[in-house]
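In: Task: produce atomic coordinates for the following.
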Amino acid sequence: MKTYRNLGAFAVVLLLVLAACAAPTPAPMPEPTPTPMPEEPMPADIVDIAVNDGRFKTLVTALEAAGLVETLKGEGPFTVFAPTDDAFAKLPGGTVEGLLEDIPALTDILLYHVVPDKVLAADVVTLESATTVLGKEVAVKVEGDKVMINDALVVITDIEASNGVIHVIDTVLLPPADLPDIVDTAINDGRFTTLVAAVEAAGLVETLKGEGPFTVFAPTDDAFANLPEGVTVEGLLEDLPLLKNILLYHVVSGKVMAADVVALESAPTVLGKDVAIKVEGDKVMLNDAQVIITDIETSNGVIHVIDSVLLPPQDIVDIAAADGRFTTLVTALEAADLVETLRGEGPFTVFAPTDEAFKKLPAGTVEGLLKDIPALTDILLYHVAPQKLLAADVIDHESIATVLEQDLPVAVHGDGSVMVGEATVVITDIEASNGVIHVIDTVLIPHSQ
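Out: As a prediction, the model looks like this:
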């Protein structure tokens with residue numbers, strides 16, 4: 001019995017196995033489809049962020065009024081220093097309403113809040129200034145953990161937009177007013193009425209209204225009132241070439257601020273002659289004039305105020321022409337074409353005969369010499385030494401070599417008088433920018449004459 005039961009159990013198992021083998025193979029399970037990750041939304045542009053934020057209603061209204069919405073929805077990138085509604089509320093009463101009626105002024109203010117680049121906070125703090133779309137700079141200053149844009153505190157940074165970045169500020173930025181040019185600044189000041197009159201008389205107004213930049217050392221009315229003896233404003237206004245030279249001696253090309261002036265020993269003026277610069281303690285001197293006010297900035301340069309009029313160093317010809325006692329000598333120099341020579345660098349020593357000295361010549365001599373240029377030239381060159389000899393040097397010589405290459409004898413008499421050739425030296429040491437003049441009472445005639 002046991003054997004049959006075992007066989008029966010085996011048969012059942014066998015049938016189950018065969019049945020399993022005969023069953024159809026089930027279809028494979030499909031691979032699961034991956035769920036796509038949700039795309040991060042693109043950041044909104046600057047305008048949309050301002051609209052959606054809720055703290056910039058006045059700013060948005062201003063942008064709409066100024067027609068700048070499409071600009072700030074543009075590609076950019078832009079950096080916007082965005083004042084909050086509270087910032088606008090700090091403005092004096094009626095300011096916002098007035099600006100909404102003055103679109104050009106409103107536009108300038110708004111553009112002064114925009115930099116044409118994307119400047120994140122980490123970059124802002126490395127700057128001292130940034131140029132706005134208005135073309136004017138905002139100052140950047142870091143004070144501890146505070147960042148100031150002009151007088152506005154940055155309260156929130158790096159709100160990134162699709163076309164730039166927003167930094168939130170607590171004060172509306174007001175662009176600096178356009179500066180007047182040098183001439184208008186002088187006119188508006190009130191302390192430079194004589195200077196302005198001189199500039200007008202000399203025909204230099206348009207020059208000093210030009211692009212420049214210029215640095216002007218501006219004498220006050222009091223400075224003109226204290227001109228040296230023999231020089232008057234009225235006289236200068238009648239001698240326009242001299243007046244123009246004096247004015248140009250107060251002007252330096254380029255914008256030279258006080259901090260740069262004190263680092264110099266001299267500065268070349270537009271006249272082509274240098275002014276000397278000397279720092280004495282807390283005083284800055286230009287030649288003999290003291291700088292009393294510095295760094296008055298203008299649209300085309302800078303003004304430094306001085307307490308004395310600068311008189312340019314005069315060359316030998318300038319001094320002779322201005323003196324009044326050497327009209328015949330100057331006429332002779334012009335006829336002999338020696339003016340430019342004696343305006344040259346030199347140095348020269350000129351023994352200058354007065355008009356009275358020329359009158360001592362025989363009648364008709366001067367007229368004849370003005371027709372005999374070679375002879376006139378020789379006589380004039382016999383009055384010139386090619387070096388600077390002050391009176392103390394002259395008396396140390398027995399003779400002096402002249403440009404004519406003939407020596408001029410020197411004699412010192414017991415009464416202290418000094419003779420050069422047959423002439424007595426009557427005035428000594430009139431210093432010029434290119435040498436010195438000694439006045440004599442007789443015309444010197446070279447040996448060959």
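
In: On the three-state scheme, the residue positioned nearest the centre of the chain is what?
Out: Nearest to the mean C-alpha position of the chain, counting by C-alpha atoms, centre = their mean, stands Lys255 at 1.7 Å. Classification of Lys255 using DSSP: H, G, I helix; E, B strand; the rest coil returns coil.

In: how close does the nearest residue to it once chain neighbours are set aside get to Ile246?
Out: In this structure, Lys255 finds its nearest non-sequential neighbour in Pro213, 3.9 Å apart by C-beta to C-beta, 6 or more residues apart in numbering. Backbone N, C-alpha and C define where each C-beta goes, glycine included. Between Pro213 and Ile246 the computed distance is 21 Å (C-beta to C-beta, to the nearest Å).

In: now His167
Out: For His167 relative to Ile246 (C-beta to C-beta), the value is 52 Å.

In: for Val262, what are its contacts?
Out: Going by C-beta atoms under 8 Å, 6 or more residues apart in numbering, Val262 touches 277, 279, 284.

In: mind checking how far it is from Leu370?
Out: 52 Å.

In: Also His447?
Out: Going from His447 to Leu370 by C-beta to C-beta gives 22 Å.

In: Looking at these two, which is more packed in?
Out: Comparing His447 with Leu370 by neighbour count (other C-beta atoms under 10 Å), the higher total belongs to Leu370, at 15 against 9.

In: wouldn't that one be in contact with Ala335 here?
Out: Yes - contact criterion C-beta atoms under 8 Å: Leu370 and Ala335 qualify, at 5.2 Å.

In: Quick check: neighbours shared by those two?
Out: Here Leu370 and Ala335 have Leu376 as joint contacts, going by C-beta under 8 Å, 6+ apart.

In: Stretch 397-408: which residues count as buried?
Out: The neighbour-count check on stretch 397-408 (16 or more other C-beta atoms under 10 Å) flags 397, 400, 402-404, 406-408 as buried.

In: Contacts for it, please.
Out: Contacts of stretch 397-408 (C-beta under 8 Å, 6+ apart): 348-349, 351, 378, 381-386, 389, 394, 409-410, 420-421, 444, 446-448.

In: before we move on, the earlier item: in contact with the residue nearest to the centre of the chain, which residues?
Out: Counted by C-beta under 8 Å, 6+ apart, Lys255 has contacts 212-215, 301-302.

In: what does Ala202 give?
Out: Applying C-beta under 8 Å, 6+ apart, the residues near Ala202 are 240, 243-244, 247.

In: now the residues you listed: which count as buried?
Out: Neighbour-count burial (16+ other C-beta under 10 Å) is assigned, among these, to 243-244, 247.

In: between those, which is nearest Val125?
Out: Minimum distance to Val125 across the buried ones among the contacts of Ala202 is 46.2 Å, recorded for Leu247 (C-beta to C-beta).

In: contacting residues around that closest one?
Out: Here Leu247 is in contact with 198-199, 202, 204 (C-beta under 8 Å, 6+ apart).

In: possible to save the residues you listed as JSON lines with distance to Leu227?
Out: Shown next, in JSON lines, are the contacts of Leu247 (distance: C-beta to C-beta, whole Å):
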{"residue": "Ala198", "distance to Leu227": "12"}
{"residue": "Val199", "distance to Leu227": "16"}
{"residue": "Ala202", "distance to Leu227": "16"}
{"residue": "Leu204", "distance to Leu227": "19"}
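
In: hang on, isn't Leu390 packed against Asp429?
Out: Yes - counting by C-beta under 8 Å, Leu390 touches Asp429, with 5.4 Å between them.

In: Name the residues contacting each of those two.
Out: With C-beta under 8 Å, 6+ apart as the test, Leu390 and Asp429 both reach Val436.

In: about what we covered before: what residues does the residue nearest to Lys255 make contact with?
Out: 253-255, 300-302.

In: Of the buried residues of stretch 397-408, just say which sits nearest to Leu110.
Out: For the buried residues of stretch 397-408, the nearest to Leu110 is Val403 (71.7 Å; C-beta to C-beta).

In: Write down the beta-bridge partners of Val147, one by one.
Out: Val142 (DSSP bridges).

In: okay but it is in contact with Leu153, surely?
Out: Yes - look at Val147 against Leu153 with C-beta under 8 Å: they come within range, at 7.5 Å.

In: Please say which of those two ends up with more neighbours.
Out: Val147 (20 against 14).

In: Can you give me the distance of the more buried one to Leu127?
Out: 10 Å.

In: any common contacting residues for these two?
Out: Common neighbours of Val147 and Leu127, counting by C-beta under 8 Å, 6+ apart, are Val140.

In: still on that earlier bit, quick check: of the buried residues of stretch 397-408, which lies closest to Asp181?
Out: For the buried residues of stretch 397-408, the nearest to Asp181 is Val403 (47.4 Å; C-beta to C-beta).

In: A helix includes the closest one, no?
Out: No - according to three-state DSSP, Val403 belongs to no helix; its state is coil.

In: ok, how many other residues are close to the nearest residue to Ile395 once chain neighbours are set aside?
Out: Distance criterion C-beta to C-beta, 6+ apart; nearest residue to Ile395, sequence neighbours excluded, is Val412 at 5.1 Å. Val412: 15 surrounding residues under other C-beta under 10 Å.
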